[in-house]
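Enquirer: Next comes the sequence, and after it the predicted model I'd like to discuss.
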Amino acid sequence: MPYSTKSSGFLKSSEYLTGQLLIAMPGMTDPRFQRTVIYMCAHNEDGAMGLVVNKLFGSITFHDLLDQLGLEDTKPTVNLPVHYGGPVESGRGFVLHSTDYVREGTLVVDDEVALTATIDILRAIAENRGPKRSFLLLGYAGWGPGQLDAEIQANGWLNVPCDEDLLFDPDLEAKWERAIGKLGVSVSMLSGEAGHA
């Protein structure tokens, strides 16, 4: 059953988060995920995969990435930042982008967002033939079967429906608080403590 776009921020056991934003709670103790917003590319009974969309990957640039991939002959018209997608396979690259660009190998997550992990999309972006909106990322966040559900139940994460403007907003500093604001609450109202009846 697909996850309802009318999210209350809480996951029911039969619902999945593909296409949603996962927001780290203020009490997140894992430094790799503190104050992160993660776009969920896949979530099902086999596990989950998402991309952090509000952190940079050190000082590496798009030009650096093209050089490292042997595409130094491609002269980009833009120099996009490279984002930290998560701690898993940090040498693996992804482009999260609008669905106006779909090619072989593209995973269309929903009506607005797709994921491509080919060199062709990097060349297309460099030559101004790529998607109108995109994020370059290295690494991803991954969870085994039931692991993310357990972390949500332990009060580690909230979720909200994704909107393209928030997802692709270049203001990374404000993205975490803006995502929480979609729930209709402020950061000060959230607690890192799980409540159990």
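Expert: Here it is on my side, so go on.
Enquirer: what's the lowest-mean-pLDDT helix or strand in the chain packed up against?
Expert: Taking mean pLDDT, DSSP states H and E as the measure, the chain has helix 62-68 as its least confident helix or strand, at a mean of 81. If contacts are counted by 3 or more CB pairs under 8 Å, 6 or more residues apart in numbering; DSSP states H and E, helix 62-68 sits against strand 81-84, helix 119-126. The C-beta positions use only the backbone N, C-alpha and C, and glycine is treated the same way.
Enquirer: Check the offset of the longest helix along the chain from the chain's centre.
Expert: Taking DSSP state H as the criterion, the chain has its longest helix at helix 172-181. Using CA atoms, centre = their mean, to the nearest Å, the mean C-alpha position of helix 172-181 is found 13 Å from that of the whole chain.
Enquirer: now do stretch 138-156
Expert: The answer for stretch 138-156 is 13 Å, by CA atoms, centre = their mean.
Enquirer: Return that stretch as CSV; C-alpha atoms alone will do.
Expert: What follows is stretch 138-156, C-alpha atoms only, in CSV (Å, rounded to 0.1, in the frame of the first residue of the first chain):
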residue,chain,number,x,y,z
LEU,A,138,27.8,11.1,-3.3
GLY,A,139,26.7,8.2,-1.1
TYR,A,140,23.3,7.3,0.2
ALA,A,141,21.5,6.3,3.4
GLY,A,142,20.3,2.7,3.6
TRP,A,143,18.3,0.6,6.0
GLY,A,144,17.7,-3.2,6.2
PRO,A,145,14.3,-4.8,6.5
GLY,A,146,12.3,-3.2,9.3
GLN,A,147,15.3,-1.1,10.5
LEU,A,148,13.9,2.3,9.5
ASP,A,149,10.4,1.4,10.9
ALA,A,150,12.1,0.6,14.3
GLU,A,151,14.0,3.9,14.2
ILE,A,152,10.8,5.8,13.6
GLN,A,153,9.0,4.0,16.4
ALA,A,154,12.0,4.9,18.7
ASN,A,155,11.3,8.6,17.9
GLY,A,156,14.4,9.1,15.7
